[in-house]
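Colleague: Need a 3D model of the sequence below.
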Amino acid sequence: MLFNSLHFLFFLPIVFGFYWCLPHRFRWLLLLAASYYFYFSYNPWYCLLLMGTTVVDYYAAKKISQSTNKLQKKQWLLLSLVSNLGVLFAFKYSIFALNTVFSVTNILSLSNFSMLQALVIPAGLSFYTFQSLSYTIDVYRGTYKPNDSLGMFALYVSFFPHMVAGPVVRYNSLMPQLYEQHFLRNIEWEKATRLVVWGFFKKIVIADRLGEIVTPVFNDVSHFSGSTLLFAGFLFVVQVYCDLSGYSDIATGVAKYFGINFSLNWRRPLLSKSLIEFWQRNHISITTWFRDYLYISLGGNRCTYRRWLFNIFLVFLISGLWHGAKWTFVIWGAMHGIVYILELMNSKRSRPFKVPAITGWLYLLLFHTLSLIAFRALSTCDLFTIYQKIFTSFNASACMPELKTVTDLFPLLIALSLILFLFLKELNEEYALLNRLRFFEDFARPAFYVTVLLTIFLIGKFNANEFIYFQF
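Modeller: Residues are numbered from 1 along each chain as shown. Coordinates of the predicted model:
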């Protein structure tokens with residue numbers, strides 16, 4: 001079930017109504033049933049994977065806690081790791097691995113290889129496996145005691161607002177709230193509704209409209225100049241940000257209707273002035289997951305200087321592969337790893353090189369655009385074609401005529417106006433520009449969200465496009 005679907009428009013009020021009518025002791029059962037129905041609506045078979053992950057990790061955590069020696073604890077942790085990562089590999093990376101092996105060893109030519117290029121990935125697989133896996137790792141580390149029932153643990157893993165595309169919520173953040181008794185009078189109606197409305201605006205007004213320009217350009221890169229490809233790359237930067245953060249905003253707002261608060265997942269990353277700052281603001285729940293469960297497990301910075309840099313680079317490579325089973329994602333991760341390390345090395349110098357804030361922001365946007373082109377390119381061949389055109393045949397004068405072959409001038413102007421609108425809002429949130437005005441809370445903010453809501457109905461794309469992270 002998609003947030004931006006008619007199905008969800010009926011689902012949410014029904015669940016909301018029953019939730020607040022039921023006694024507290026039965027509410028978790030309703031949420032569990034609603035969450036499994038929410039996931040069941042994608043594909044009934046996906047629920048078997050979700051149940052399997054939940055049951056294995058629940059009992060593995062129990063056995064880890066009950067084991068009396070370290071070897072047994074490691075064996076049960078290994079069971080959790082193998083089951084979770086095995087499912088991920090089977091559905092997400094198996095065909096990629098086979099194709100790579102056949103290509104490298106010249107057993108078969110990729111062009112003539114008849115095996116599927118990819119399997120259908122169950123919705124949200126990477127997110128709920130990471131969330132469930134983090135629990136067993138924390139139990140192994142002694143952070144938590146597994147005292148919950150199987151039903152409550154299943155709700156923790158499957159709570160429908162965040163399950164499919166994040167944020168990845170930690171046990172100590174979500175589970176206590178699931179036990180807590182909530183009251184209808186305490187709902188933060190205004191804050192929740194603002195998040196939901198703004199999330200839908202970012203998805204169906206900005207992201208989906210930009211996608212109508214971005215997709216045809218990247219589907220046929222040979223027919224566009226370097227300037228058009230770079231501009232389409234920038235549009236994709238905004239598209240992917242609005243798509244991903246839009247989902248998080250909707251999920252956070254919907255959770256608030258049930259008295260549940262999620263931690264901040266996006267903090268205006270496109271206003272960053274360095275890549276290091278960008279990764280402190282961008283998709284915070286995933287970034288901190290890789291830090292806490294991969295980077296620290298590799299040794300973090302408690303090792304030699306070279307090993308520390310290697311750990312950082314390896315985390316970026318693996319995070320790139322987590323996003324998708326293609327070499328373009330690995331290239332994206334490698335680019336971020338290299339630039340991140342260079343920024344770190346500069347910051348460790350006795351006299352680090354510094355640039356003005358505006359220069360740092362433009363540098364971040366340019367690098368993020370160039371790297372995210374790898375994220376969006378359909379193949380490594382397309383990616384190298386794009387980079388070759390950008391760096392050797394830019395031809396800025398060709399951009400506008402080529403874009404007119406993709407879309408009319410009016411939709412393009414709307415898209416550019418929406419981007420400007422987005423950045424103005426982000427700047428206001430960053431620097432509290434309008435908050436200083438006396439009439440802001442009473443007039444300007446309500447008027448803004450009324451305008452946003454009207455704009456959704458006027459120019460929103462109501463065709464239930466999937467969120468980008470559904471493929472991850």
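Colleague: Not counting its neighbours along the chain, what's nearest Ala357?
Modeller: Lys273 (5.5 Å; C-beta to C-beta, 6 or more residues apart in numbering). (C-beta placed from N, C-alpha, C; glycine too.)
Colleague: quick one, what contacts that neighbour?
Modeller: 357, 360-361, 363-364 (C-beta atoms under 8 Å, 6 or more residues apart in numbering).
Colleague: Among those residues, name the buried ones.
Modeller: With burial judged by 16 or more other C-beta atoms under 10 Å, the buried subset of these is 360-361, 363-364.
Colleague: Take those and keep only those in helices.
Modeller: Of the buried ones among the contacts of Lys273, the ones assigned to helices by DSSP state H are 360-361, 363-364.
Colleague: for the residues you listed, which one is nearest Phe313?
Modeller: Proximity of those to Phe313 (C-beta to C-beta) peaks at Leu364, which lies at 19.4 Å.
Colleague: Val205 versus the closest residue to the closest one other than its chain neighbours, what's the distance?
Modeller: Once flanking residues are discounted, Leu364 sits nearest to Ser272: 5.2 Å by C-beta to C-beta, 6+ apart. Computed as C-beta to C-beta, to the nearest Å, the Ser272 to Val205 distance reads 24 Å.
Colleague: So which of the two has more stuff around it?
Modeller: Taking other C-beta atoms under 10 Å, Ser272 and Val205 do not tie; Val205 has more neighbours (24 against 21).
Colleague: thinking the more buried one is in contact with Ile419, fair?
Modeller: No - in this structure Val205 lies outside contact range of Ile419 using C-beta atoms under 8 Å: 11.3 Å.
Colleague: Mind pulling up the pLDDT for Leu119?
Modeller: Per-residue confidence for Leu119 comes out at a pLDDT of 58.
Colleague: Which of the three states applies to the residue lying farthest from the centre of the chain?
Modeller: Going by C-alpha atoms, centre = their mean, the residue of the chain most distant from its centre is Thr68, 38.5 Å out. The three-state label given to Thr68 by DSSP: H, G, I helix; E, B strand; the rest coil is coil.
Colleague: what helix or strand is Asn84 on?
Modeller: Counting by DSSP states H and E, the element that carries Asn84 is helix 70-88.
Colleague: about what we covered before: among the buried ones among the contacts of Lys273, list the two that are farthest apart in space.
Modeller: Farthest apart among the buried ones among the contacts of Lys273 - using C-beta to C-beta - are Trp361 and Tyr363, which lie 7.2 Å from each other.
Colleague: Endpoints of stretch 149-167, how far apart?
Modeller: Criterion C-alpha to C-alpha, to the nearest Å; first-to-last residue distance in stretch 149-167 is 23 Å.
Colleague: ok, so what distance separates the residue nearest to Ala357 from Thr359?
Modeller: For Lys273, the distance to Thr359 - C-beta to C-beta - is 8 Å.
Colleague: show me the contacts for the closest residue to Val339 other than its chain neighbours.
Modeller: Nearest residue to Val339 in three dimensions, chain neighbours excluded: Leu275, at 5.2 Å (C-beta to C-beta, 6+ apart). For Leu275, the contact set (C-beta under 8 Å, 6+ apart) comprises 336, 339-340, 343, 364, 367-368.
Colleague: Go again with 7 Å.
Modeller: 336, 339-340, 343, 364, 367 (C-beta atoms under 7 Å, 6 or more residues apart in numbering).
Colleague: Equivalent analysis for Phe26, please.
Modeller: No contacts exist for Phe26 under C-beta under 7 Å, 6+ apart.
Colleague: re earlier: helix, strand, or coil at the residue nearest to Ala357?
Modeller: Here Lys273 is coil, with the state taken from three-state DSSP.
Colleague: ditto for Lys354
Modeller: Lys354 - assigned by three-state DSSP - is coil.
Colleague: Give the phi and psi angles for it, as a check.
Modeller: Main-chain dihedrals, Lys354, degrees, to the nearest 10: phi -120, psi 150.
Colleague: Look up how far Gly360 lies from it.
Modeller: Counting by C-beta to C-beta - Lys354 and Gly360 are separated by 9 Å.
Colleague: and if you look at Trp20?
Modeller: 48 Å.
Colleague: returning to that earlier point: TSV for the buried ones among the contacts of Lys273, including distance to Arg281 and pLDDT?
Modeller: Formatted as TSV, those follow (distance: C-beta to C-beta, whole Å; pLDDT from 0 to 100):
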residue	distance to Arg281	pLDDT
Gly360	13	94
Trp361	12	95
Tyr363	16	96
Leu364	11	96
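Colleague: Quick one: residues contacting Ser134.
Modeller: Applying C-beta under 7 Å, 6+ apart, we find Ser134 in contact with 170, 289, 293.
Colleague: Quick one: low-confidence residue ranges for the stretch 351-472 of the chain.
Modeller: Applying pLDDT under 70 to the stretch 351-472 of the chain picks out residues 435-436, 438-442, 464-472.
Colleague: what ranges do the helices span in it?
Modeller: For the stretch 351-472 of the chain, applying DSSP state H, counting those that start in this stretch gives helices covering 357-376, 380-392, 399-404, 409-431, 445-459.
Colleague: Run through who's touching the last one.
Modeller: Residues outside helix 445-459 that contact it (C-beta under 7 Å, 6+ apart): 194, 197-198, 200-201, 204-205, 414.
Colleague: wait, Gly337 sits on Ile312?
Modeller: Yes - assessed by C-beta atoms under 7 Å, Gly337 is found in contact with Ile312 at 6.4 Å.
Colleague: So which bits of stretch 191-208 are buried?
Modeller: Neighbour-count burial for stretch 191-208 [16+ other C-beta under 10 Å]: 192-208.
Colleague: That stretch - what's its average pLDDT?
Modeller: Per-residue scores along stretch 191-208 average to 92.
Colleague: end to end, how far does it reach?
Modeller: End-to-end distance for stretch 191-208: 24 Å, by C-alpha to C-alpha.
Colleague: Take the buried ones among the contacts of Lys273 and write them to TSV, including distance to Thr385.
Modeller: Converted to TSV, the buried ones among the contacts of Lys273 look like this (distance: C-beta to C-beta, whole Å):
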residue	distance to Thr385
Gly360	30
Trp361	29
Tyr363	25
Leu364	25
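Colleague: With respect to Asp57, which of those is nearest?
Modeller: Lowest distance from Asp57 to the buried ones among the contacts of Lys273 (C-beta to C-beta) belongs to Leu364, with 37.6 Å.
Colleague: Was I right to think that closest one contacts Phe278?
Modeller: Yes - Leu364 is within contact range of Phe278, at 6.0 Å (criterion: C-beta under 7 Å).
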